[in-house]
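**Q** sequence and predicted structure below; questions after.
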Amino acid sequence: MTAHRRCLLNCDLGESFGAWRMGIDEQVMPFIDQASIACGFHAGDPMIINKTLLLAQQHGVSVGAHPSYPDIAGFGRRSMTLPVSELIAIMHYQIAALDGMAANLGIQLDYVKPHGALYNDMMIDARIRAAAMRAVAEHHRPLAFMMQATGDAESHRYEADAAGLEVWFEGFADRCYDDHGRLLARNREGAVHGRDQMLAQVTQLIEHNSVTTASGRRLMLQIDSLCVHGDNLAAVEAIADIRRLIEP
């Protein structure tokens, strides 16, 4: 058995919008270390952002920006073909908005984690990944960059180093992996784990630095942070158990 490594717990939060509600942020925040907060392009609005920042501050939780493609209707889960300059600009806009609102409350923004289709696209397209890294690197002060741990983690770390970024690799409690270490598309059967599968995957990640893929292959992954999706009710309901599993 591999030695138990210290692993943080993160969740994508602040994903309500106006009268529309997503997630149970108040129940999740006491158990996590990092809150990736929607910046208004896939979810979130000024009141929701402010409320989520205050909730994170109350519980001593680190705050990250969770920018996406401009896709409110599709919750940021639809890929978009954008010029590099536009992609960088929309990330600058979202990161700056969250950073500014956080600063007004005396909160420091610590990292950036892209959302949804932008996150998935950057993991398979070096052009998009380079643009996302550049957008974060060009912020007026250093921010860490959170991205998925895959079998290509070392080359991704090299890219981040070249951009002058600290990179944090994350794994997923509630999502099934394919043999390349990518997340199985949500429209595929078994893409989102139920409670028992989720807890088994967390245990395997923490104790063995690995996951079992959809085809049954064992895939080695070194992670710094474990994600529980705020829009997955089963994951939210299991958050206390997940917290206990990752404690060293």
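**A** All right, it came through fine.
**Q** can you pull out the helices in the protein?
**A** For the chain, the helices defined by DSSP state H cover 25-28, 46-58, 84-104, 116-124, 126-137, 153-163, 195-208, 233-237, 239-246.
**Q** return the member of the ones you listed having the minimum mean pLDDT.
**A** Ranked by mean pLDDT, the helices of the chain end with helix 233-237 in last place, scoring a mean of 70.
**Q** can I get the helices of the chain in TSV with mean neighbour count and distance to Ala185?
**A** C-beta here means a position set from N, CA and C on the backbone, and glycine is covered the same way. Converted to TSV, these look like this (neighbours: other CB atoms under 10 Å; distance: least, CB to CB, whole Å):
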stretch	mean neighbour count	distance to Ala185
helix 25-28	18	25
helix 46-58	17	28
helix 84-104	17	22
helix 116-124	21	9
helix 126-137	19	17
helix 153-163	15	21
helix 195-208	17	17
helix 233-237	17	18
helix 239-246	17	23
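**Q** for Ala73, which of the ones you listed is the nearest?
**A** helix 116-124 (12.5 Å; CB to CB).
**Q** just the CA atoms of that closest one, as CSV, please.
**A** C-alpha atoms of helix 116-124 as CSV (Å, rounded to 0.1, in the frame of the first residue of the first chain):
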residue,chain,number,x,y,z
GLY,A,116,-16.9,22.3,-17.8
ALA,A,117,-16.2,22.2,-21.5
LEU,A,118,-13.3,24.7,-21.2
TYR,A,119,-11.7,22.4,-18.6
ASN,A,120,-12.3,19.3,-20.8
ASP,A,121,-11.2,21.1,-24.0
MET,A,122,-7.9,22.3,-22.5
MET,A,123,-7.0,18.8,-21.4
ILE,A,124,-7.1,17.5,-25.0
